[in-house]
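S.K.: Provided below for reference: sequence and predicted model.
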Amino acid sequence: MTNRKEIPEGVTLIDHPLIQHKLTHMRKKDTHSINFRQLLREISQLLGYEVTRNLPLTNVDIETPVAKCISPILEGPNICIFSILRAGEGLSQGLLDLIPSARVGHVGLYRDPKNLQAVEYYFKAPSDLEARFCLVVDPMLATGNSAISAIDQIKRAGAKDLRFLCLLAAPEGLKALRKAHPDVHIYTAAIDDRLNEKSYIVPGLGDAGDRIFGTQ
């Protein structure tokens, strides 16, 4: 797996010890769906903390039980979390625990088993995307086709400020997404070795959607 010296431009590797510890338990093939979901929810909050580190703040006048003061709050319209269905729901739920005021958009995609291209079947987004910080989430960045297709659609809907968050990424997916959308910064907890002949991430953790929802 990739070390810090090999991280591509436009990619942030979030390798906090707690994240790596929880991710190792998620990778284990005998981890039950209940535990897998809980671990993903916990990791998503830790990842979200880093992804939102540079959000703009503005100062407001408040009064504490002791005195009046000036204190910072988030500036501008709410954040929009875009979940790439169905596995993206595992990340978005934890992020909503962290940012309960966020709006939520959904992009429904499935991978054509013949050509591995993403096929869209659903899209729903809040209004005023051009004024919102949009965080697109999917646990796995494998070929990159689903992420590219989702971001294409989100940009067509008006979004200007986007970031992509995943749990695991393959070098092939990072390269493809960076080429298609060089303005979208990528955040991931791990960059794995490669894709196999079925375009699964190696060593990976299997099919994230199946493991989240117990549909193996």
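M.R.: Received the coordinates, thanks.
S.K.: make it CA atoms for all contacts and neighbour counts henceforth
M.R.: Noted.
S.K.: in this protein, which segments are predicted with low confidence?
M.R.: Residues of the chain that meet the criterion pLDDT under 70 lie in 1-5, 77, 116, 216.
S.K.: longest helix in it, by number of residues?
M.R.: Counting by DSSP state H, the longest helix found in the chain is helix 33-51.
S.K.: quick check, distance from stretch 72-85 to the centre of its chain.
M.R.: Here stretch 72-85 is found 13 Å from its chain centre; the criterion is CA atoms, centre = their mean, to the nearest Å.
S.K.: swap that for stretch 52-60, sorry
M.R.: 20 Å.
S.K.: can you measure across it, start residue to end residue?
M.R.: End-to-end distance of stretch 52-60 (CA to CA, to the nearest Å): 20 Å.
S.K.: does I81 belong to a helix, a strand or coil?
M.R.: strand (DSSP: H, G, I helix; E, B strand; the rest coil).
S.K.: which helix or strand contains F164?
M.R.: Applying DSSP states H and E as the criterion places F164 in strand 161-169.
S.K.: what strands flank that strand, and is each parallel or antiparallel?
M.R.: strand 133-137 (parallel), strand 140-141 (parallel), strand 185-191 (parallel) (DSSP bridges).
S.K.: mind listing residues that contact whichever strand or helix holds Y110?
M.R.: For Y110, the host element (DSSP H and E) is strand 103-111. Identification of contacts with strand 103-111 by CA atoms under 8 Å, 6 or more residues apart in numbering yields 78-86, 117-126, 146, 150.
S.K.: in ChimeraX, select just the buried ones from those residues.
M.R.: Applying 16 or more other CA atoms under 10 Å to the contacts of strand 103-111 leaves a buried subset, and the ChimeraX line that selects it is:
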select :78,79,80,81,82,83,84,85,86,117,118,120,123,125,146,150
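S.K.: so which of the contacts of strand 103-111 sit within helices?
M.R.: S146, A150.
S.K.: and the strand or helix carrying S92, what does it pack against?
M.R.: Here S92 sits within helix 88-98, counting by DSSP H and E. Under the contact definition 3 or more CA pairs under 8 Å, 6 or more residues apart in numbering; DSSP states H and E, helix 88-98 sits against helix 33-51, strand 80-85, strand 133-137.
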